[in-house]
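Engineer: what shape does this take:
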Amino acid sequence: MYKSLIIPIAILGMSVPLISISPLPAQALPEAKIVEKLQKVPVFTITNGTGNFLQQSVTANGKTRLITPVYMELKDAASFLKKLKKDQPKQSKVAQITVVPLSEVYKLQMEAQKKSDNMSFVFFPAEQQLKNAGLLKKPFQANAFYPVPLFMIAIKQQDKYVTVQENNLTPLFLGKEQAQQWLDKVKKKDPKLAAKAEIKVNYLHVVLKDFQSQNYPAQQQLVLVPSTESVESIRKLQAAQPKPSATPATTAPKK
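Structural biologist: Numbering: from 1, shown residues only. So this is what the prediction gives:
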């Protein structure tokens with residue numbers, strides 16, 4: 001079991017699909033390819049001292065279930081951990097933030113479902129990216145269910161959108177800021193194309209479902225690009241870690 005500590009919390013807002021891994025059909029993208037596409041995206045989780053994930057008991061629409069929260073940005077995981085330590089200091093004494101690749105979450109969920117384990121991951125996207133995607137019709141709620149937006153560059157052709165590629169790759173950005181930077185580069189290289197190009201919003205759970213049920217050439221070219229904030233957060237975490245001592249380790253005397 002991956003649970004270490006169960007925190008009751010009421011979650012309000014949109015009903016967003018959890019990561020649900022079904023047996024891959026014959027036409028699905030191969031599992032190794034899905035893992036490869038997800039492994040460069042860092043996410044932030046709360047674990048105990050032995051590395052087991054924190055689970056929350058959540059209540060929504062009168063129903064209670066267990067979820068494993070996954071944060072797309074470090075600051076959101078840090079805010080939750082700070083509140084947790086304040087509200088339940090004894091139970092959360094060994095709780096800490098752990099960075100894992102999105103591919104690891106995917107693999108763990110797959111293994112849990114094979115074992116009929118009751119572990120469901122739920123993503124909590126950054127407020128700024130929800131604003132960028134135009135998803136906040138009401139004031140942001142830190143514990144609400146929201147979909148994780150992805151931003152891509154596309155042009156409209158015959159009432160449908162076609163993604164803009166570079167080097168045979170189609171980037172799906174987790175931060176709109178990177179998508180805008182990439183669009184600016186496209187405009188410089190090809191002004192005629194850029195005049196028709198715009199940033200469109202997709203969703204992580206939709207893309208994952210597509211990976212699990214479809215296999216077509218365009219999928220091979222999709223690349224998930226993490227947000228600048230998440231990459232910078234990892235650098236800061238690594239810089240804050242204590243450096244190994246320069247003193248050589250002593251060995252135990254031979255018996």
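
Engineer: where along the stretch 101-250 of the chain do the strands fall?
Structural biologist: With DSSP state E, counting those that start in this stretch, the ranges of strands along the stretch 101-250 of the chain come out as 121-124, 149-157, 160-163, 170-173, 197-203, 222-225.

Engineer: nearest to residue 133, of those?
Structural biologist: Across those, residue 133 has its closest neighbour in strand 149-157 (3.7 Å, C-beta to C-beta). Backbone N, C-alpha and C define where each C-beta goes, glycine included.

Engineer: mind saving the C-alpha coords of the closest one as CSV?
Structural biologist: Provided in CSV are the C-alpha atoms of strand 149-157 (Å, rounded to 0.1, in the frame of the first residue of the first chain):
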residue,chain,number,x,y,z
PRO,A,149,-4.5,22.5,-19.1
LEU,A,150,-2.1,22.0,-22.0
PHE,A,151,-1.3,24.7,-24.5
MET,A,152,-0.5,24.1,-28.2
ILE,A,153,0.0,26.2,-31.3
ALA,A,154,-2.5,25.5,-34.0
ILE,A,155,-4.0,26.9,-37.2
LYS,A,156,-7.6,26.6,-38.4
GLN,A,157,-8.1,24.8,-41.6
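
Engineer: so how far is it from its chain's centroid?
Structural biologist: Averaging C-alpha positions (C-alpha atoms, centre = their mean, to the nearest Å) puts strand 149-157 19 Å from its chain's average.

Engineer: what's in contact with that strand?
Structural biologist: Outside of strand 149-157, the residues within contact range by C-beta atoms under 8 Å, 6 or more residues apart in numbering are 125, 129-130, 132-133, 135, 161-164, 170-176, 178-179, 182-183, 186, 193, 196-204, 207, 224.
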